[in-house]
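1. model the structure of this input:
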Amino acid sequence: MIKALEHHTKPARYGAVLKEKATGETYTPKALSDFVAQNIVETLIDFPTGRPLRILDPAMGDGELLISLLKQLLYRCPELEIEVYGFEPNQDALNIAATRVQQTFPNATTHFKKKDFLEFVIEQFGLIDNELLLILNPPDTYDLIIANPPYVRTQIMGADQAKLLAKQFKLSGRVDLYYAFIIAISQVLKPEGIAGIIVSNRFMTTRSGASIRRSLLERYNLHSVWDLGDTKLFDAAVLPAIIVAEGRKNQQNSLPIFTSIYETDSSAKIEVSTPIQALAHHGVVQVKDGRKFLVQHGNLNTNGSLDGVWSISTKTTNEWLAIVDSHTYGTFGDIGKIRVGVKTCADKVFIRSDWHNLPPVEYPELLRPLTTHHIARRFKALELKSPKYILYPHENVQGCRRAVNLSAYPCSRNYLEKNRVVLESRKYLMEAGREWYEIWVSQDPDAWNQPKLIFRDIANEPTFWLDQSGSIVNGDCYWITCQKPEQLDLLWLAMAVANSSFIERFYDTSFNNKLYAGRRRYITQYVEKFPLPNPEQALSKAIIAKAKEVYECIPSPKSDILQIELENMIWNAFGLVAEEVTG
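-> Below is the predicted model of the structure:
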C-alpha cells in the first residue's frame, strides 16, 4: 500500500527557455494533470488481481502527472499495491521527479530510468520492413500510462532526426516528436490497459497529422478526446488536447466521446472557476477571470476514413452539415489549385518598400508589386502609400520555370551581386542545384498575371479579396486562380461565400482549428473543402453580381449595405437562415 504525504514542495522548472523549446519540455499544470489522471482511473474497469498495478510516465518531467495519478488511484483503492515506472533523459528533471514522488508517496515502489523512452522501445522492438516487431523477450507492459510527451516539430528537431523517427515509427509527412511517443506507448500498453496522453491539438486537423490519426485508430480503442482549444492552460503557445484510450484488446464498437472548448463572445449563464471545471458543463460557460467558453459534447467524427480530419459530431452539427451538403455543387478546390505565396528566405534583399530611393540607374528591372497580409481587406486590397515590391528573378520558357539570365537585366544583376554573400548563405538552395539568386519558393511565373483570389493564412475572420493587378503573392497569404479562365465568375462566387459568416460557421463545424484569441487558420486543406452553391442558379448569379458591385464601391456606406445583403443571400444559397457566429 502507498500512503500519500500531503506536504511537498514543487521545485522550480529546470533549464532555460531555449533548452525547453529545443527539447519540447512543457511541464503540466496541476489542474490538467489531475483531470487526466481522474479520467484514466474512471475509465479503468478492474484492478489486476494477484500482482501490483504497473503505471508509467514515459516523459516524467517534474513528476506532476505521476503524482496526480497516484493520488487518484489511492483515493479509489487505498490498499492498492502499485509499481511506479518512469523515463526521463534529463538527470536534473529525473532527480526532481523522483524526489517529489518519494516525498509524497514514501512507500512507493519506483523504477525510474535516466533514459529516452523512445530509445527504450526501439531496443525492445526491431525494425523489419518498416514495422516495429517483437524480436527478443516480451517487453515490459503497463496497466496505466499517463504522458505529456515533448512537442518538437520537424523544423526544431531537424530533418535528419525527423526522418529517422518517421522510419522507426512508420510515420509520414511532417513529424512531431509526440507522434512517435503515441505509437511507442501503444507498444507497451497492456491490451486491457488505459493511457491518458496530453498532446497538441494540431494533429486532429492538419495534413501532417494524417498518419498519427490513422495510428491512433488502428492501435488503440479510443474512449474520450478533449480538444482544449484556446484555454491557455500552458505557459507555452500550445493548444492542448487529451486522449484517453484503451489498449487494442478487441475491435472497438462504440464511438469515442469528443468534447471541445473554445473561447467565445456569447453570453454565459453558468460561471465556474477554471476552464477545466467548465468541461463538466454544456454551452457557454464563464470562468473566474472573465473569459467565456463554448463547451460542446458529442462524438468523434473522423470524416469517413482512418486518416480523416477529426471534428465533433453532434445531432445539431450533423443536421446542419447535411443541409449544407444537399445545397453544395462543388468546392473551392474544384476552381483551381490553392497555392501558398512566394518564400524568399531572404526578404530583406528581395522585398522592399523603398526601392524608389535608389538612383534611377540602379533601379532593378525585375521588380513586381507584392501582395502581403498588410493590405488584406475583404473583396479588394487596401492601397498603401508605400507599397512593397519584390525583385522576382523567375520566368517560364516553353512551359518550364527557370531563373532568368541576369545578363539581360544589368541593374537587377548589380543589386543581387551586392547581396551575394547573404543569398549564398542559403546553402539548401545551392545544394538543390538552384542559382544563388533565386527565390526559394517562386511558384508559377505565368500565373501571377491571371485574376486570383487571395486570402490571409491567419485571421479572426475570413479575409478574401480579388487581385486583378498581376501582383505576386507573399508567403503569408494563399491564392487561387481558375483552371478554366472562362469560369472567372467562380472566383467572384467563392469570394462572396468565403467572406461570409456562413463560412465561419462551416469552418468551426468542420475543422475548428483555432489559435489563441479566436484566430483561424485558412490553409489549403481547409479552404479547398469550402462549399460552393450551383453557379447556374439565379441566386448564385445574383450573389456574383453583388460581389462585383461591392468590389467597385468598397469602402463606402453602400458597400457596407451590400455586404449585409450578401450575408443573407449566402446563407439562403445553402438552404439556411442567417445566424450570428461568434468568435
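
2. pretty sure Thr317 is in a helix, no?
-> Yes: Thr317: assigned to a helix according to DSSP: H, G, I helix; E, B strand; the rest coil.

3. neighbours around the residue nearest to it when sequence neighbours are not counted, how many?
-> With Cβ to Cβ, 6 or more residues apart in numbering as the criterion, Thr317 has its nearest non-adjacent residue at 5.2 Å, and that residue is Thr509. All C-beta atoms are positioned from the backbone trio N, CA, C, and that covers glycine. Using other Cβ atoms under 10 Å, Thr509 has 19 neighbouring residues.

4. where does Thr509 land in three-state SS?
-> Going by three-state DSSP: Thr509 is helix.

5. so it makes contact with Ser311?
-> Yes: counting by Cβ atoms under 8 Å, Thr509 does reach Ser311; the two are 7.2 Å apart.

6. what touches both of these two?
-> Common contacts of Thr509 and Ser311 (Cβ atoms under 8 Å, 6 or more residues apart in numbering): Thr317.

7. roughly how far does the residue nearest to Thr317 sit from Asn303?
-> Applying Cβ to Cβ, to the nearest Å, the value for Thr509 to Asn303 is 12 Å.

8. kindly report the same for Lys115.
-> Computed with Cβ to Cβ, the distance linking Lys115 and Asn303 is 38 Å.

9. same thing with Pro555?
-> Distance from Pro555 to Asn303, counting by Cβ to Cβ: 39 Å.

10. and the spatially most central residue of the chain, which of the three is it?
-> Closest residue to the average C-alpha location of the chain: Arg202 at 3.0 Å, with Cα atoms, centre = their mean. What three-state DSSP gives for Arg202 is helix.

11. residue contacts, it?
-> Shown in contact with Arg202 (Cβ under 8 Å, 6+ apart): Asp176, Ser208, Gly209, Leu239, Asn513.

12. again, but for Tyr551
-> Taking Cβ under 8 Å, 6+ apart as the test, what Tyr551 contacts is Phe379, Lys380, Leu466.

13. isn't the first one right up against Glu549?
-> No: taking contact to mean Cβ under 8 Å, the distance of 9.9 Å between Phe379 and Glu549 leaves them out of contact.

14. more crowded one of the two?
-> It is Phe379, of Phe379 and Glu549, that has more neighbours when counted by other Cβ under 10 Å, with 25 against 16.

15. state the phi and psi torsions of that one.
-> phi 80, psi -50 (degrees, to the nearest 10).

16. and it, how far from Ser313?
-> Applying Cβ to Cβ to Phe379 and Ser313 gives a distance of 34 Å.

17. where does the prediction get shaky in the stretch 401-550 of the chain?
-> The stretch 401-550 of the chain contains residues with pLDDT under 70 at 516-517.

18. and the helices in it?
-> 410-418, 420-424, 427-431, 489-498, 501-510, 524-527, 538-553 (DSSP state H, counting those that start in this stretch).

19. tell me the most buried of these?
-> helix 489-498 (a mean of 25; mean count of other Cβ atoms under 10 Å).

20. run the angle between that one and helix 501-510 for me.
-> In terms of direction (axes from the mean of the first three to the mean of the last three Cα atoms, to 10 degrees), helix 489-498 departs from helix 501-510 by 70 degrees.

21. so what touches helix 489-498?
-> With Cβ under 8 Å, 6+ apart, helix 489-498 has contacts from 332, 335, 379, 451-453, 455, 462, 464-466, 480, 482, 503, 527, 530-533, 535, 540, 543-544, 546-548, 566, 569-570, 573.

22. go ahead and build a PyMOL selection from the buried members of those residues.
-> Filtering these down to the buried ones (16 or more other Cβ atoms under 10 Å) takes a single PyMOL command:
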select buried, resi 332+335+379+451+452+453+455+462+464+465+466+480+482+503+527+530+531+532+533+535+540+543+544+546+547+566+569+570+573
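
23. show me the contacts of helix 489-498 that map onto strands.
-> Using DSSP state E, the subset of those located in strands is Lys452, Leu453, Phe455, Phe464, Trp465, Leu466, Ile480, Pro531, Leu532.

24. tell me the one of those nearest Glu119?
-> Nearest to Glu119 out of the ones in strands among the contacts of helix 489-498 is Phe455 (Cβ to Cβ; 43.5 Å).

25. surely that closest one meets Val527?
-> Yes: taking Cβ under 8 Å as the definition, Phe455 is a contact partner of Val527 at 7.0 Å.

26. now do the shared contacts for those two.
-> Tyr478, Ala498.

27. now do the strands in the stretch 151-300 of the chain.
-> With strands called from DSSP state E, counting those that start in this stretch, the stretch 151-300 of the chain shows them at 189-200, 220-227, 240-247, 257-263, 270-271, 283-286, 292-301.

28. for the last one, packing partners?
-> For strand 292-301, the helices and strands in contact under the criterion 3 or more Cβ pairs under 8 Å, 6 or more residues apart in numbering; DSSP states H and E are strand 257-263, helix 275-278, strand 283-286, strand 311-313.

29. check which residues of that strand are buried.
-> Lys292, Phe293, Leu294, Val295, Gln296, His297, Gly298, Leu300, Asn301.

30. again, but for the longest one
-> Within strand 189-200, the residues that qualify as buried by neighbour count (16+ other Cβ under 10 Å) are Leu189, Lys190, Glu192, Gly193, Ile194, Ala195, Gly196, Ile197, Ile198, Val199, Ser200.

31. show me the two of these that sit farthest apart.
-> Greatest spatial distance in those: Glu192 and Ser200, 27.9 Å, computed using Cβ to Cβ.

32. so Pro364 belongs to a helix, correct?
-> No: counting by three-state DSSP, Pro364 falls outside a helix, being coil.

33. how about it: what's its closest non-neighbour residue?
-> Using Cβ to Cβ, 6+ apart, the nearest residue to Pro364 is Ser412, at 4.1 Å.

34. my read: that neighbour touches Leu406, true?
-> Yes: at 6.4 Å, Ser412 counts as touching Leu406 under the criterion of Cβ under 8 Å.

35. give me the common contacts of those two.
-> Pro393.

36. where are the low-confidence patches of the stretch 101-250 of the chain?
-> For the stretch 101-250 of the chain (pLDDT under 70), the answer is 125-139, 152-162, 173, 235-236.
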